[in-house]
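J.: for reference, the sequence and a predicted model appear below.
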Amino acid sequence: MLHYVTTNDGKVREAREYLDAVEAVDFDYTEVQADDLGPIAARGAREAYAHVGGPVLVDDAGLFLEGFDGFPGPYSAYVEHTLGVERVGELARQQAAETDETPRAQFRCVLAYCDGEGFAATPDAVDYGDRRGHDLAADERGTASTSDSVVSGDLPVKLFTGTVRGRIVEPRGEGGFGYDPIFEHDGKTLAEMTAAEKNAISHRGRALATFAEFYAER
Ligand SMILES: O=c1[nH]c(=O)c2ncn([C@@H]3O[C@H](COP(=O)(O)OP(=O)(O)OP(=O)(O)O)[C@@H](O)[C@H]3O)c2[nH]1
């Protein structure tokens, strides 16, 4: 049984669309301080594996504002709970207005899988396509990729990354969670999309699609 380890119900809802047999585990693993999501997710997966004692998937995600050196990035949850989503949106829109640009951002999701076993090497940036027929090629709309296993001691971890690009707008929509209301992709905010629509284009959906493909063969 695969354990999806997170304290965030929104992530679990989205993961269930891709993974039939998955048990949600509400475990708050240590999030190390790092500029990128990969090391945080990998470290979390090892800790979660030690806690659960079976195959685990952890999900580290964040919003990376263009023109802000990737802020809030790995600190997205902290910033959501301190500054708040609306204020982040205002900052991005204010800065863009000063330079007469469109406020743009990227969502990233890194899934880290650990089951105590090793992995066969895979090439970087494999394009697995999307089950719903959407083009997941690495273009300006978003990317999906998988990495070689990250080995530390006896516990290899495999990473699956998804990104989606969009515009920062005034909050719209009731669905989703987190920064979804201020992130617009193809004319709709993620909060205005159905769960299936969001998954088909989102950072998490892209990462989950690559993971589901891998896991089916595992
Ligand atoms: O609008 C959004 N659409 C998404 O699809 C999405 N995915 C993540 N987030 C936000 O980014 C931070 C992640 O932080 P995060 O990965 O540390 O997760 P978390 O602390 O919520 O739970 P956990 O899995 O770590 O237990 C949190 O502020 C989340 O609200 C999203 N916002």
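T.: Structure's in. What do you need?

J.: quick one: contacts for the residue in the chain that the ligand sits nearest to?
T.: Using CB to the nearest ligand atom, residue 178 is the residue of the chain that sits closest to the ligand, at 2.4 Å. For glycine as for every other residue, the C-beta is placed from the backbone atoms N, C-alpha and C. By CB atoms under 8 Å, 6 or more residues apart in numbering, the contact set of residue 178 is 10, 63, 76, 80, 85.

J.: from those, which shows the smallest pLDDT?
T.: Among the contacts of residue 178, residue 10 has the lowest pLDDT, at 92.

J.: now the residue lying closest to that residue once chain neighbours are set aside, what's its secondary structure?
T.: Among residues not flanking residue 10 along the chain, residue 177 sits closest, at 3.3 Å (CB to CB, 6 or more residues apart in numbering). Under DSSP: H, G, I helix; E, B strand; the rest coil, the three-state class of residue 177 is coil.

J.: what pairs with the residue most central in space within the chain across the strands?
T.: Nearest residue to the geometric centre of the chain (CA atoms, centre = their mean): residue 109, 1.8 Å. Judged by DSSP bridges, the bridge partners of residue 109 are residue 61, residue 162.

J.: around the ligand, pick out the residues from this structure.
T.: 6-8, 11, 28, 31, 59-62, 76-77, 80, 176-180, 183, 190, 202, 204 (CB under 6 Å from any ligand atom).
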